[in-house]
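[1] would you be able to build a 3D model of this:
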Amino acid sequence: MSEKINHPSHYQGKNNIEVINVIEAFNLNFNTGNAVKYILRNGKKTEDTIIDIKKAIWYLNRELDNKKITNCKLKEGRNDKKGFN
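    Residues are numbered from 1 along each chain as shown. The predicted structure is shown next:
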């Protein structure tokens, strides 16, 4: 049972590299880390690869939206109200 919790096979690649190690090595935040997780496990946990791809895209879109909001707030602080460009 511990293998399903500590080292699930759908999160391991060649040479037993685990997704969490990749995420931590690149110091990814929550959204980009989850996107990488779903990309790397694509087709391993379930046969429906579309779901994992859609989840990865969802997290990437959320991260993009957050970046746009942050950039907009920074621009507003400099009296530049051009928006999300």
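[2] buried stuff in the helix or strand where Val22 lies?
    Here Val22, judged by DSSP states H and E, is contained in helix 19-25. Applying a neighbour-count criterion of 16 or more other C-beta atoms under 10 Å, one finds 19, 22-23 buried in helix 19-25. Just so you know, the C-beta spots here come from the backbone N, C-alpha and C atoms, and that holds for glycine as well.
[3] now render these as CSV, adding distance to Glu63 and pLDDT.
    As requested, the buried residues of helix 19-25 are arranged in CSV below (distance: C-beta to C-beta, whole Å; pLDDT from 0 to 100):
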residue, distance to Glu63, pLDDT
Val19, 17, 89
Val22, 17, 92
Ile23, 13, 96
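[4] report the central residue of this structure.
    Ala35 (2.3 Å; C-alpha atoms, centre = their mean).
[5] quick one, what contacts that residue?
    Contacts of Ala35 were listed using C-beta atoms under 8 Å, 6 or more residues apart in numbering, and they are 56-57, 59-60, 63.
[6] dump the buried residues of helix 19-25 to CSV, plus distance to Gly13.
    CSV is the format used below for these (distance: C-beta to C-beta, whole Å):
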residue, distance to Gly13
Val19, 8
Val22, 8
Ile23, 13
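[7] what secondary structure does Asn27 sit in?
    When the structure is split into helix, strand and coil by DSSP: H, G, I helix; E, B strand; the rest coil, Asn27 lands in coil.
[8] actually Lys45, sorry about that
    Under the three-state scheme (three-state DSSP), the conformation of Lys45 reads as coil.
[9] returning to that earlier point: where does the residue nearest to the centre of the chain land on pLDDT?
    We note a pLDDT of 98 for Ala35 in this prediction.
[10] mind listing what's buried along the longest helix along the chain?
    The residue-count maximum for a helix in the chain (DSSP state H) belongs to helix 49-77. Neighbour-count burial for helix 49-77 flags 52, 55-56, 59-60, 63, 72 (criterion: 16+ other C-beta under 10 Å).
[11] these two touch, right, Val19 and Val36?
    Yes: the pair Val19 / Val36 is scored as a contact, 6.8 Å apart, by C-beta atoms under 8 Å.
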